[in-house]
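*Asks:* Sequence plus the predicted model coming up.
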Amino acid sequence: MFHEFKEYQPTLVRIEPGAEFQDKGKTYQLQQKLGEGGWGSVYQALDKQTGMTRAIKFMSLGMRAYKGMEERFEREVAVPGQFSSPFILNSIDRIEIDTPDGKRIGFVTEFLKGKNLRTELDVHRVGDVLGILEPELACEYIAEVALALAEMSEKGFAHRDLKPDNISFRRNV
């Protein structure tokens, strides 16, 4: 009797809350979608080996179609790990998974629990005007962003999407 061998078929993962996948011996479970933008989607995920909460940014399939975009995304993955500034998000790993729509690349970062500058502006007011910070607080935030941008510039990296939604706080404000 002959044993029939089947061609190996990779396990396809849908990128959605509850999905679990492995890459490079690590297992991640997507918990919730945190946001979506031009580059792709960001999910809160659980690193099953360490129990740590992480963020995973997946590049959208549509962006891969544009010349040079995958290379820029790859640089975005590699460069943050080179910084020592406490004001720059730490990149942990690059991942690649097979989905029903094709191969998806992404990167794992530390997860920052708390607010970003957009949510901070949505609750601050000066007098009757919403969305304005006290001058001292605004100067503190601008100084921290300037320090991060200066270090990035020194290493030849430019942040191409600087906006209140992408400025997160490591501490609750």
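*Replies:* In hand now; what should we look at?
*Asks:* residue contacts, residue 151?
*Replies:* 83-85, 88 (CB atoms under 8 Å, 6 or more residues apart in numbering). In this view, the C-beta of every residue, glycine as well, is placed from N, C-alpha and C.
*Asks:* if you set the cut-off to 10 Å instead, what comes out?
*Replies:* 82-85, 87-88, 157 (CB atoms under 10 Å, 6 or more residues apart in numbering).
*Asks:* mind showing which ranges of this protein have poor pLDDT?
*Replies:* Along the chain, segments meeting pLDDT under 70 span 1-11, 76-81, 171-173.
*Asks:* 90 instead, please
*Replies:* The chain contains residues with pLDDT under 90 at 1-15, 21-26, 35-40, 59-107, 109-110, 112-116, 118-135, 151-173.
*Asks:* Can you report phi and psi for residue 21?
*Replies:* Backbone torsions for residue 21, taken as degrees, to the nearest 10, come to phi -150, psi 160.
*Asks:* Can we start the residue count at 32 from this point?
*Replies:* Okay, residue one is now 32; in that scheme the one you just asked about reads as residue 52.
*Asks:* Let me know whether it touches residue 78 as I believe.
*Replies:* No. Judged on CB atoms under 10 Å, residue 52 makes no contact with residue 78 at a distance of 11.8 Å.
*Asks:* out of the two, which sits in the busier spot?
*Replies:* When residue 52 and residue 78 are compared for neighbours, residue 52 comes out ahead with 22 against 18, by other CB atoms under 10 Å.
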